[in-house]
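Participant: Provided below are the primary sequence and the corresponding predicted coordinates.
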Amino acid sequence: MESVLQVQDLTVCYGSGRRRPVTAVNGVSFNLAAGEAIGILGESGCGKSTLALALPGLLPSNAYIQRGSILFRGVDLGKLTERQLQKIRGAGISLVHQEPALALNPVIRVGHQVAEVLRAHKSISSSQAREEARGLLAQVGLAAESRIDEAYPHQLSGGQRQRVVIAQAIACQPALLIADEPTTALDMAVQVEILALLRNLQQKLNLALILISHDPALLTHLVHRILVMYAGRVVEAGHTQDLLQKPLHPYTQGLLGCRLATSTGDLQGRLLAAIPGEPPDMASVAPGCAFAPRCPARMEVCETRSPDETMPGNGRRVRCFKYEEQAERS
């Protein structure tokens, strides 16, 4: 399959002036092919959203790429000017934000906002752009006869606003779509609808898709592979069913344990499973494995150095000392 995205050793830091930089993404590497979908899984603060912003070059002013590379269709995005990146955003790479109410301009009708994306990348008239925008809104499930294109964002429900943002994202048929927690602010029924929409669009348009979530259940039927992030690093990666059925890293096991505990139906009189402790403060990460203070299987070596990535087989990658020991014995 055609390679759409190649990320190698990507490290992103926040900080400026005399302040010590904070590493939010640390040595992340992965490849993504056309028509392939991967999930980025982890708690808030693990670096998922920073990774999503780094890929299309949308990092805030106090963030920078310390090392590594991002190749989009063979082009190193880190070497492009802002003007060159603007031509790729929307046309080659699109981002769906987790809060559509903030992504949309409150004083412009949503049809105009979709049309603006088209006119930014195509040489078409305003009337043509408006007509195509109505077609895109219908494609994401907003019927043309409802005249939603004439509405302002505050007149729409959360699910309708998210569909408008998705219409903007697919307007110019990008090769890569990044969806950053696209169902966070929606109720369960609407979440299912939005995920089904993303799955159908990904298959119909042959999109390379990155879906970011803190909930493994949302990734189950939508992505081919999952990367689990903790403290800025990918601590485990593998094919979706392999990883969900047999998680290797203690952090992945904890995430899945929390999910399973809330899906068994009768919770009366039971304590919900939880990962003990809190995610580390990225401004002062202690030496050793970042997950060690919360890990039920920690060893002495976990307190002193960070584990290297090992490959135990079947396309799996994991950062944990117990798998390093197994590799050494074999």
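Facilitator: Perfect, thanks for sending it.
Participant: In the protein, mark out all the helices, start to finish.
Facilitator: According to DSSP state H, the chain carries its helices in the segments 48-54, 82-88, 100-103, 110-121, 126-139, 158-170, 188-205, 216-219, 240-245, 250-261, 321-329.
Participant: What are the buried residues along the fourth one?
Facilitator: In terms of neighbour count (16 or more other C-beta atoms under 10 Å), helix 110-121 has its buried residues at Val110, Gly111, His112, Gln113, Val114, Ala115, Glu116, Val117, Leu118, Arg119, His121. Where C-beta positions appear, they are placed from N, C-alpha and C, glycine not excepted.
Participant: CA atoms only for that helix - export them in PDB, please.
Facilitator: The C-alpha coordinates for helix 110-121 follow below in PDB (Å, rounded to 0.1, in the frame of the first residue of the first chain):
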ATOM      1  CA  VAL A 110     -22.000  26.800   8.600                       C
ATOM      2  CA  GLY A 111     -22.500  26.600   4.900                       C
ATOM      3  CA  HIS A 112     -20.200  29.500   4.300                       C
ATOM      4  CA  GLN A 113     -17.600  27.900   6.600                       C
ATOM      5  CA  VAL A 114     -17.500  24.700   4.600                       C
ATOM      6  CA  ALA A 115     -17.400  26.700   1.400                       C
ATOM      7  CA  GLU A 116     -14.400  28.700   2.700                       C
ATOM      8  CA  VAL A 117     -12.300  25.500   2.800                       C
ATOM      9  CA  LEU A 118     -13.200  24.700  -0.800                       C
ATOM     10  CA  ARG A 119     -12.300  28.200  -2.000                       C
ATOM     11  CA  ALA A 120      -9.000  28.200  -0.100                       C
ATOM     12  CA  HIS A 121      -7.800  25.200  -2.200                       C
END
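Participant: give me every residue that touches the closest residue to Arg67 other than its chain neighbours.
Facilitator: The shortest distance from Arg67 to any non-neighbouring residue, by C-beta to C-beta, 6 or more residues apart in numbering, is to Thr11 (4.9 Å). Counting by C-beta atoms under 8 Å, 6 or more residues apart in numbering, Thr11 touches Thr23, Val25, Asn26, Gly27, Val28, Ile65, Gln66, Arg67, Gly68.
Participant: from these, which single one is nearest Gly158?
Facilitator: Val25 (28.7 Å; C-beta to C-beta).
Participant: Pairing partners for the residue lying closest to that closest one once chain neighbours are set aside in the sheet, please.
Facilitator: The shortest distance from Val25 to any non-neighbouring residue, by C-beta to C-beta, 6+ apart, is to Val12 (4.0 Å). Applying DSSP bridges to Val12 gives these bridge partners: Val25, Ile65.
Participant: Looking at the contacts of Thr11, state which has the most neighbours.
Facilitator: Neighbour counts for the contacts of Thr11, by other C-beta atoms under 10 Å, peak at Val25, which reaches 27 neighbours.
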